[in-house]
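A.B. asks: Dropping the sequence and predicted coords here.
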Amino acid sequence: MSHIIVDKDHCTGCGICVKMCSSGVISLADESNLPQVQDENTSRCLYCGHCEAFCPSQALVLNLT
Ligand code: SF4
Ligand code: SF4
């Protein structure tokens, strides 16, 4: 399961979520250019909520399930 859920229709690829992530675990690395958290890095998430709060497009939801 993906750690963050990104709405590809609303994400602009601005990279703000990458910059605002407190633990630096979000990247825009894959070919889709959507932000992601690699599975091996999910344990470093601080659940600060910055990724959701600072997305100007409300495109990102932290997956808490
Ligand atoms: S909740 Fe915080 S630490 Fe976790 S992915 Fe979002 S910005 Fe990064
Ligand atoms: S802050 Fe929002 S719009 Fe910008 S790259 Fe992240 S998810 Fe996409």
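C.D. replies: Received, thanks. Ligands and ions are numbered 1, 2, ... in the order given.
A.B. asks: Give me the nearest residue to residue 32, chain neighbours excluded.
C.D. replies: Using CB to CB, 6 or more residues apart in numbering and skipping the chain neighbours, the partner closest in space to residue 32 is residue 8 (7.1 Å). No exception for glycine: its C-beta is placed from N, CA and C like everyone else's.
A.B. asks: three-state assignment of that neighbour?
C.D. replies: Applying DSSP: H, G, I helix; E, B strand; the rest coil to residue 8 yields a three-state assignment of coil.
A.B. asks: What of residue 51?
C.D. replies: Using three-state DSSP, the structure places residue 51 in helix.
A.B. asks: That one - how many residues pack around it?
C.D. replies: 24 (other CB atoms under 10 Å).
A.B. asks: mind listing the helices for the protein?
C.D. replies: Along the chain, the stretches classed as helices by DSSP state H are 16-20, 50-53.
A.B. asks: So for residue 34, which of these sits nearest?
C.D. replies: Nearest to residue 34 among those is helix 16-20 (10.1 Å), distances taken as CB to CB.
A.B. asks: The closest residue to residue 39 other than its chain neighbours and residue 58: what is the separation?
C.D. replies: Sequence neighbours aside, residue 3 is the residue nearest to residue 39 in space, at 7.6 Å (criterion: CB to CB, 6+ apart). Distance from residue 3 to residue 58, counting by CB to CB, to the nearest Å: 18 Å.
A.B. asks: follow-up on the earlier one: count residues in the vicinity of the residue nearest to residue 32, would you?
C.D. replies: Neighbour number of residue 8 under other CB under 10 Å is 10.
A.B. asks: And residue 65, by the same measure?
C.D. replies: Residue 65: 4 surrounding residues under other CB under 10 Å.
A.B. asks: that older thread, and residue 3 and residue 58? which has more neighbours close in?
C.D. replies: A count of neighbours by other CB under 10 Å puts residue 3 above the other of residue 3 and residue 58, at 18 against 11.
A.B. asks: Next up, the contacts around the more buried one.
C.D. replies: Contact analysis of residue 3 by CB atoms under 8 Å, 6 or more residues apart in numbering lists 25, 36-37, 39, 42, 45, 62-63.
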